[in-house]
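> got a sequence here, can you model it:
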Amino acid sequence: MGGFVVVTLLLAVVAFLVVRDLTASWTGIGLNPFQPPSGLPGQATVPAGSSPTAPPPILNPPEWQGAERVNVLLMGLDYRDWIAGEGPPRTDSMMLVSLDPLTKHAGMMYIPRDLWVEIPGFGYNRINTAYPSGEGNRLPGGGPALAIRAVESVVGIPIQYYAVIDFTVFERLIDEIGGVDVLVTERIKICPIGRTCFWLEAKAYRLNGANALAYARVRKGAGDDFGRGQRQQQVAMAVLDRVTGLNMVPTLLAKAPALYQEMASAVRTNLNFDQIVSLGWLAVQTPRANFERGVIAPPNMVGFATRPDGAQVLRPVPDQIRVLRDAVFVQNNGIGP
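From the prediction side, this is the model:
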């Protein structure tokens, strides 16, 4: 169950929102969610019978308001994998992204889907079950709120925002920016949806949207879920490098209205439009050397365990996970070594 997704919302949205030509004459209601949720405090929804309209361009993006570090939980779903009668899909990808507006440092932490944690109110289970548990039981804030609580208990930092993205829009964005450049470090088999599987050799490639998604989502072999986390972060940075390294503004501006409509129908978030643009712009302004990346992975941060029913899960080692947290997030504030 669950889909195969995504890299990150913010770094993908940068591809067309943060080109200084789209911003907020928007109605102030935020992006249209996949389906009507019961929101977290401040969550934006589109009123019944209305639809988002593409905002006209302005010259300067709004700056992020606030000095505190901003933490966003990114969750990837594929609604095409939603099996009738089985409820909402599990999150296939979870990434915690953090941006510091003062120091211009950022961090990304990949959270493996099989991490065995306490889901508040539901006992212990894989962390990727938090989202469907919240959605299916119509809890306040729905799946995103429960997923945030589960991740906060593991990582030990507050999470203010979330974004849930359908990976179909990711493919579209990659194609609109002419693909992304990645260095494949070991031979790997990828299977783009609806296409023939093939092997990527260990060399540099420019990948289109379908192939980039397939590369980012591979789980079997190539480091399993932990290698997938590294590849998703690699592709996320490649998207950002592609947009900032080339003059993409004229091309993206011409296609902005259509792209905006697609993104509005494929993203669910409690960030409003201005905040998304501001965070994307903050990501663009953050030097690449100031991006830290980490994956919750063996041998120190998780152990392999077998449940009585034979299920294979990952047992977290909280102290070691928080060592990684500090390396990826805290030291960027000048607190760590």
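> so what strands line up beside the one helix or strand residue 98 maps to?
Using DSSP states H and E, residue 98 maps to strand 93-100. With DSSP bridges as the test, strand 93-100 is paired with strand 70-77 (antiparallel), strand 105-110 (antiparallel).
> CSV for those strands, including mean neighbour count, distance to residue 208 and mean pLDDT?
(Glycine included, C-beta is placed from N, CA and C.) As requested, the strands paired with strand 93-100 are arranged in CSV below (neighbours: other CB atoms under 10 Å; distance: least, CB to CB, whole Å; pLDDT from 0 to 100):
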stretch, mean neighbour count, distance to residue 208, mean pLDDT
strand 70-77, 25, 19, 88
strand 105-110, 24, 23, 90
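> can you tell which of those strands is closest to residue 316?
Among the strands paired with strand 93-100, the nearest to residue 316 by CB to CB is strand 105-110 (12.8 Å).
> my read: residue 64 touches residue 278, true?
Yes: counting by CB atoms under 8 Å, residue 278 is a contact partner of residue 64 at 4.2 Å.
> higher neighbour count, these two?
More crowded of residue 64 and residue 278, by other CB atoms under 10 Å: residue 278, with 25 against 18.
> roughly how far does the more buried one sit from residue 272?
Distance, residue 278 to residue 272, using CB to CB, to the nearest Å: 10 Å.
> please apply the same query to residue 70.
13 Å.
> helix/strand/coil for residue 66?
coil (DSSP: H, G, I helix; E, B strand; the rest coil).
> how many neighbours does it have?
Residues near residue 66, counting by other CB under 10 Å: 12.
> please name the nearest non-neighbouring residue to it.
residue 101 (6.6 Å; CB to CB, 6 or more residues apart in numbering).
> give the contact list for the one you found.
Applying CB atoms under 8 Å, 6 or more residues apart in numbering to residue 101 gives the contacts 64, 66-70, 282.
> please redo it, this time with the cut-off set to 10 Å
If you count contacts by CB atoms under 10 Å, 6 or more residues apart in numbering, residue 101 has them with 63-70, 278-279, 282, 285-286.
> for it, give its distance to residue 184.
For residue 101 relative to residue 184 (CB to CB), the value is 34 Å.
> check the gap between residue 290 and residue 128 for me.
Remark: distance between residue 290 and residue 128 (CB to CB) = 30 Å.
> where in the stretch 201-337 of the chain is pLDDT low?
By pLDDT under 70, the weakly predicted segments of the stretch 201-337 of the chain are 219-225, 244-264, 331-337.
> where do the strands sit along the chain?
Assigned by DSSP state E, the chain shows strands spanning 70-77, 93-100, 105-110, 116-119, 123-126, 161-166, 180-183, 188-190, 198-200, 204-207, 267-269, 291-295, 302-306, 312-316.
> the third one relative to strand 291-295, how many degrees between them?
To tie it back to what came earlier, the one meant is strand 105-110. Note on geometry: by axes from the mean of the first three to the mean of the last three CA atoms, to 10 degrees, strand 105-110 and strand 291-295 are set 20 degrees apart in direction.
> check the second one too.
Taking the same axes, to 10 degrees, one finds that strand 93-100 is oriented at 150 degrees with respect to strand 291-295.
> residue 316 reaches residue 127, doesn't it?
Yes: counting by CB atoms under 10 Å, residue 127 is a contact partner of residue 316 at 8.9 Å.
> pick out whichever of those two has more residues nearby.
Between residue 316 and residue 127, residue 127 has the larger neighbour count (other CB under 10 Å), namely 27 against 20.
> skipping adjacent residues, who's closest to the more buried one in space?
residue 115 (4.4 Å).
> what segments of this protein are helices?
9-17, 130-136, 142-155, 167-176, 209-217, 224-245, 249-266, 273-285, 318-328 (DSSP state H).
> for the third one, list every residue counted as buried.
It refers to helix 142-155. 142-152, 154-155 (16 or more other CB atoms under 10 Å).
> quick check, nearest of the residues you listed to residue 324?
Checking those against residue 324 with CB to CB, the nearest one is residue 155 at 8.9 Å.
> list the contacts for the closest one?
Applying CB under 10 Å, 6+ apart, the residues contacting residue 155 are 71, 73, 96, 98, 109, 111, 296, 318, 321-322, 324-325, 328-329.
> can you flag the buried ones in those residues?
By 16+ other CB under 10 Å, those give 71, 73, 96, 98, 109, 111, 296, 321-322, 324-325, 328-329 as buried.
> isn't residue 234 right next to residue 293, touching?
Yes: using CB under 10 Å, residue 234 is in contact with residue 293, at 8.6 Å.
> still on that earlier bit, would you turn the strands paired with strand 93-100 into JSON lines with distance to residue 188?
As requested, the strands paired with strand 93-100 are exported to JSON lines (distance: least, CB to CB, whole Å):
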{"stretch": "strand 70-77", "distance to residue 188": "19"}
{"stretch": "strand 105-110", "distance to residue 188": "17"}
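> appreciated, that's everything.
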